[in-house]
Each structure stands twice: as structure tokens, then as C-alpha cells.
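Novice: Predicted coordinates and the sequence they were generated for:
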Amino acid sequence: MSAYTVLDPTGFEMPRDQRRILRWTIYIGYLALTAGIFHGLAQALSYGNVNILQYFPRLRGYYQGLTAHGVANVLTFTFAFSNGFLPLLVARALSRPLSKKLLWWTFGTMLVGNLMTIYAVVGNRASILYTSYAPLQAHWTYYAGLALIVVSTWLAAINMFVVFGRWRRENRDVRIPLLAFLSIATYAMWVLASLPVAVLFLVYLLPWSLGVVQKTDPLYDRTLFWFTGHAIVYAWLLPAYVSWYTLLPRQVGGKLISDAYARITFLLFLVLSIPIGFHHQFTDPGVGRGMKAIHTVLTFGVYYPSLITAVSVVAALEIGAKSNGGRGLIRWVTKLPWGDPSVAAQVLAMFTFVFGGITGLVNASASMNLVIHNTTWVVGHFHLTVGSAVTLTLMGIAYWLIPYLTGRKLWSRDLGLVSSWMYALGVLIFARGMISAGLQGMPRRIFRVEATYTDPAWDFGGQLTAIGGTIMFFGIALFFLNMLLTIIVGKRGEEPKDVPVTRTMTAPSLTGWDRHLDRLWVWVVVAIVLILIGYGPFFVGYGPARAISPGFRLY
Ligand code: HAS
């Protein structure tokens, strides 16, 4: 079987000055991850009836901390990382530099947007949680800051599209290298998905917060939020998938079985990720049952690309392990390079994601959703997805990426292994607690220690949550220490010199149907048609937004 190199075999070195900007963009993400986990620890302990929140300096309330946790860990961390990572991969795959000006603008808008949201949240001017539900109202800097973070992702996307456009003009009859294709498809989906939330912030919430308009429409606003809000989870997930498909197999000595499968998977995400947001609003009055049914069916549809992914990436791992002497149906797993923290973290991330997928299936089933909605079950679900599949993968990537970008060797592989295993173990215990207590009706988003209601049935789950959350906290703290020491005192000259790019077993075909997979714009049009079917009837039937609710400021 012939192996097809996805990359230009002559290689390409990213200019040093561009690496520096990418590095600082990515640092914002890892800093946000670390900053966000302090409230995570307090929150987890509170479910075990331990209150450490009272010792947090300057913290005025539980919801202030929970807003900081959500914004830092699911918005800033993920997007700052992707803004650096995906353009780097596109440049590497197409063997050409990015636009330096756009890199600076991406970094600058991310930084300023982040500082504005920090100002709002730290000053207790925006204790409204990351979902930004009206009629809870935040200071205008919060909405403007988040809007700038979205703008930074658009700038990163434009940078990739521009480089791709130039490459395409010179390479008309060539298939897009897989690494570039997957990275570009990820942000193409996100740019489309992010438009409703941009409208929400800029057209509705910002003027309302500034007092330009006095009232807003909570249902309309929530719908705009979730219009973006489920696709956003795939914008967090797909950079991890890019690594699982195109980098990790190389790291384990394996190969990807099918180039076309990988492209189809990402196109399915592009087409199906957006018109499914009503599965977050099954219990909302004002949204018709027909719309909820359409979104349920499409949600089950978006399950498939992850099932394809499970088959593809596990096969790639198996090929690697078997070339390393692995045998048997399952035993080959022991022959994966478990001593490499980058591999260990990402394989553990995959393992936890299996449970994230199973819980997602329950969420998506409209009738079962009624049992778990707004309980800690959902928190268990999203810590098995964004809180582990994504977070652990992004930690794993850091073990080669930060040395590659800084020119310094990873400070300690052992510490990397310890923190990855700790985090994975912690998240499994934490999620087990959240999920079982959620089934007993324990509500999410409460400060249990001070709640005036409780149920002894929540105790065991609450304790597991506290234990797991504490282990997770120390796992990330060790990761941060390792990164800090790598950046400051890591040995120079022993860093990885290149991005670890995977080979596929067969070259992408130059004839036949699968060439059409590369016509991204056609798939964008298909996505738009599905979005019109999925959201058109609601906006036509319900709109325009009704000015009915004044803002409530909890500060
Ligand atoms: Fe979700 C709520 C449905 C995936 C994140 N989700 C949330 C919330 C978040 C979130 C943050 O339908 C809460 C939002 C809030 O604040 O209210 N979710 C799904 C479904 C999927 C799914 C069907 N979610 C994700 C991902 C997330 C994420 C990914 C972040 C990155 N989710 C829902 C629903 C709700 C919801 C409802 C609303 C609940 C409510 O009522 O509020 C699917 O995409 C999941 C598909 C996943 C799989 C798993 C594939 C497994 C793979 C690993 C292979 C590895 C193997 C092991 C086999 C099918 C690819 C290898 C190991 C070795 C050792 C070799």
C-alpha cells in the first residue's frame, strides 16, 4: 500500500517572528485555562459541602466566580488556542507564511477583548454566566469584550483563507492537503456559526447595556445565543479532532486509514453543527414542537461524524501500536507510546470522550432531556467533552507545540505524564459524581453550601465531584508549572523542529467523486440551506424581537 505525504516533503519553516506572535496568542489561552480553574475547584468542593470561596480575595459572589470560570475556560482558552494553532497548521500544510499584519490584529483583538471581559468580571460588573442570558444584564465592556474575541477568530480565519486563496491560485488542479482542509473547514464552520451571537451582542445586548434601548426580548436573545451555542462546542472540539486525525497518528507511528473519511467528517460538521441549537431549549416555551423535532433529528445526525472519528482514529492508533509489536484485539493498546505525555494525554482524552458521547445522546433525546435538563448531569456531560476531550487534548498538544514554538525542550516528560493521568482520573470521578447526583435531581449552577434546600441523595455524588474536581485542579496546576518551566528554563536546541504530520494510507484521488469534497463553498451553501430550514420558520413566525424586559443587574 502506498503512503501519501500530506505535506510538501521539502518541509517549510515557519518564520521566527510569526512563531513568536502565534506563541503569545496561544499563551493567552493557557493562561486563561489556569486562571479559570480556581473557581472550578471552589465549585467542585461546594458540591461536597466544603466552602473555600470565602477565602477568595476580591470575590463578591458565587456567580461572579462561575462567570469567570466559564468565560476563561470555554471561551478564552479554546479560541486563543485555536487562533494560534489552526493558522499555524494551514501555513505548515501549504508551505507558506501567514500575513504578519493579520497575526498581530488577531493577537491584539483577542488581548483587548480579553482585558475588557476581565475588567467586567473581576469588577463584579458581569455576573451573568457565559451564556449571557437576558434579562440578566452586564456592563457594556463584557459584551464588547466578548464581541472582540469573536472578531479575533474572524481575523484568524481571514488569515487562513487568504493564504489558502494564494496557494489555490498557484495549485489549481491539486487536492487541498488534508491538514489545511480540516483546519480551514473548522473555522469556515465557526465563522458561519458565530454570526448570530455577534448580532446578539452588537445589535441587542450592547445597546441595551449602554442604555440606548431600555428593554430586550429574553427568548429572542436566548435563541440567538443557542443558534451559535451548539456549533460553538464543535468549534472547541474540531481543533482537537484535527490533532487526532492528522498529528497524533504520526506521533504513535501509525497512519490514517482514509483521507476521504476525514474530509467527509469535517464537512458533516460544517453542514450539521448549526441548525441544532433548539436542543438546548427543549423546555423553553415559545419555540414550537415542530422546530424542536427538526433540531432533534439533526442532532442525531451530528452524532455520526464523531462515530466515524472513533473508528478512524482508533484504527490509526492500532496501526501504530501493531507496528510497534502490539497484538490482539485490545492488547495492542499497551504498545502505544504511553511514555510520551503528548500521546498519553490525547489518548486519555479520547477515552473520556466516549462517555461524553453517551451522555450527549441522552441530552439529545427530547423526552430524556426533561429528566436531566438544568441538573448537574449536564455539567458531567460537558466536563467529559470540552472539559476533557478538548482540554486534555490541548494539554497534550502543548507538550510538543510549546517546545516547537519556543525552541526549548519540554521541562519534564514525567510531570507531563503525571498531570495528564491525574486530570483524566479526576475528570472521570468528577463526572461520575455530577452525573449520578444529576439523576437524583441535583441542580446545576447552585452554591450548594449556602443553598436553603438539599437532598441526602445528592451527598455521594457531591463528594465524588469534590474529590474529582480537586484532582483535576492539581492536574492542571502541574501542567501549568511544567509549561512555565519549559518556557523559562527549558533546554535550548532539543525541541521538535517540525509539526508531526500524519500520512494517509492512500492518496486523495485526483479523479472521481471525492474531488468534490474540496469545494468548500458548495458545502457552505448546503449549510446555509439547512440553517434556513432549521431556523427560518422560528424567526419568520416569532420575529421581530419584542422590547419587553428591562435589565436586572446583580451588582
Ligand atoms: Fe453537548 C449540553 C448534546 C457533544 C458541550 N454540551 C452541552 C453543554 C456543553 C456541551 C458545554 O442535546 C452545556 C451548555 C450549557 O451551558 O447549558 N453534545 C450533545 C451531543 C453531542 C455533544 C449529541 N457537547 C458535545 C461536545 C461538547 C459539548 C463535543 C464540547 C466540546 N449537549 C447536548 C445537548 C445539550 C448539551 C442536548 C443540552 C442539555 C441541556 O438540557 O441543557 C455529540 O456531538 C457527542 C458525540 C460524541 C461521540 C463520542 C465519539 C468518541 C470518540 C473517541 C474515540 C475513542 C475511543 C477510545 C473509542 C459519539 C471520537 C480510545 C481509547 C483507547 C484507550 C485506545
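Specialist: All right, it came through fine. Numbering: from 1, shown residues only.
Novice: from here on, contacts and neighbour counts on C-alpha atoms
Specialist: Noted.
Novice: any idea which residue sits dead centre in the protein?
Specialist: W236 (1.7 Å; CA atoms, centre = their mean).
Novice: residues from the protein in reach of the ligand?
Specialist: Within reach of the ligand by CA under 6 Å from any ligand atom, the chain has these residues: 233-234, 236-237, 279-280, 299, 303, 306-307, 309-310, 314, 333, 347, 350-351, 353-354, 357, 360-361, 363-364, 369, 373-374, 378, 382, 385-386.
Novice: Check what pLDDT the residue lying closest to the residue nearest to the centre of the chain once chain neighbours are set aside gets.
Specialist: Using CA to CA, 6 or more residues apart in numbering and skipping residues adjacent in sequence, the residue nearest W236 is T78, 5.9 Å away. pLDDT recorded at T78 is 98.
Novice: Name the next helix or strand downstream of the longest helix along the chain, please.
Specialist: Longest helix in the chain, counting residues (DSSP state H): helix 289-323. Going down the chain from helix 289-323, the next helix or strand is helix 341-364, by DSSP states H and E.
Novice: CA-only coordinates of the helix or strand following that next one, as CSV, when you get a sec.
Specialist: Counting by DSSP H and E, the next helix or strand C-terminal to helix 341-364 is helix 366-372. Provided in CSV are the C-alpha atoms of helix 366-372 (Å, rounded to 0.1, in the frame of the first residue of the first chain):
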residue,chain,number,x,y,z
ALA,A,366,-36.2,15.2,23.9
SER,A,367,-38.0,13.1,26.5
MET,A,368,-34.9,12.1,28.5
ASN,A,369,-33.7,15.6,28.4
LEU,A,370,-36.6,16.6,30.6
VAL,A,371,-35.1,14.4,33.3
ILE,A,372,-31.6,15.9,33.2
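Novice: mind listing what's buried in helix 366-372?
Specialist: For helix 366-372, burial by neighbour count (16 or more other CA atoms under 10 Å) applies to A366, N369, V371, I372.
Novice: Lowest-confidence entry in these?
Specialist: A366 (91).
Novice: Quick one: residues contacting it.
Specialist: H279, F282, T296 (CA atoms under 8 Å, 6 or more residues apart in numbering).
Novice: right, and the helix or strand after the helix or strand A431 falls within?
Specialist: Assessed by DSSP H and E, A431 sits inside helix 413-439. The helix or strand immediately downstream of helix 413-439 is helix 459-489, counting by DSSP H and E.
Novice: and that next one, average pLDDT?
Specialist: Mean pLDDT, computed over helix 459-489, is 98.
Novice: How about stretch 295-305?
Specialist: Across stretch 295-305, pLDDT averages out at 96.
Novice: Need the three-state assignment for the residue nearest to the centre of the chain.
Specialist: At W236 the chain is in helix, as set by DSSP: H, G, I helix; E, B strand; the rest coil.
Novice: so how far is the ligand from G288?
Specialist: 17 Å (CA to the nearest ligand atom, to the nearest Å).
Novice: my guess is A345 contacts A398, does it?
Specialist: No. If you go by CA atoms under 8 Å, A345 and A398 don't touch, sitting 10.1 Å apart.
Novice: With neighbour numbers in mind, choose between the two.
Specialist: Counted by other CA atoms under 10 Å, A345 and A398 do not tie: A345 has more neighbours, with 30 against 22.
Novice: give the contact list for that one.
Specialist: Per CA under 8 Å, 6+ apart, neighbours of A345: L392, T393, M395, G396, L417, S420, W421, A424.
Novice: Give me the buried entries from the residues you listed.
Specialist: By 16+ other CA under 10 Å, the contacts of A345 give L392, T393, M395, G396, L417, S420, W421, A424 as buried.
Novice: List just the nearest of these to A157.
Specialist: Within those, proximity to A157 (CA to CA) peaks at T393, which comes in at 21.5 Å.
Novice: which SSE is that closest one in?
Specialist: Element membership for T393 (DSSP H and E) is helix 391-406.
Novice: Just the residues contacting that helix, thanks.
Specialist: With contacts defined as CA under 8 Å, 6+ apart, helix 391-406 is touched by 19-20, 23, 240, 243, 341-346, 348-349, 408-410, 416, 420, 423-424, 479, 483, 486-487, 495-499.
Novice: repeat for stretch 355-362
Specialist: F300, M368, N369, H381, F382, H383, L384, T385.
Novice: switch the cut-off to 7 Å
Specialist: M368, N369, H381, L384, T385 (CA atoms under 7 Å, 6 or more residues apart in numbering).
Novice: R166: neighbouring residues, count only.
Specialist: As a measure of burial, R166 has 12 neighbours, counting by other CA under 10 Å.
Novice: per-residue pLDDT, it?
Specialist: pLDDT, read off for R166, is 96.
Novice: Quick check: what element follows the helix or strand containing it along the chain?
Specialist: In this assignment (DSSP H and E), R166 forms part of helix 140-170. Under the assignment DSSP H and E, the closest C-terminal helix or strand after helix 140-170 is helix 178-199.
Novice: Can you get me the centre-to-centre distance for the helix or strand that that following helix is followed by and its chain?
Specialist: Using DSSP H and E, the next helix or strand after helix 178-199 towards the C-terminus is helix 206-210. Helix 206-210 sits 28 Å away from the centroid of its parent chain (CA atoms, centre = their mean, to the nearest Å).
Novice: mind saving the C-alpha coords of helix 206-210 as PDB?
Specialist: C-alpha atoms of helix 206-210 as PDB (Å, rounded to 0.1, in the frame of the first residue of the first chain):
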ATOM      1  CA  LEU A 206     -24.600  46.100  23.900                       C
ATOM      2  CA  PRO A 207     -27.100  48.900  23.100                       C
ATOM      3  CA  TRP A 208     -29.400  47.600  25.900                       C
ATOM      4  CA  SER A 209     -26.500  47.600  28.400                       C
ATOM      5  CA  LEU A 210     -25.400  51.100  27.300                       C
END
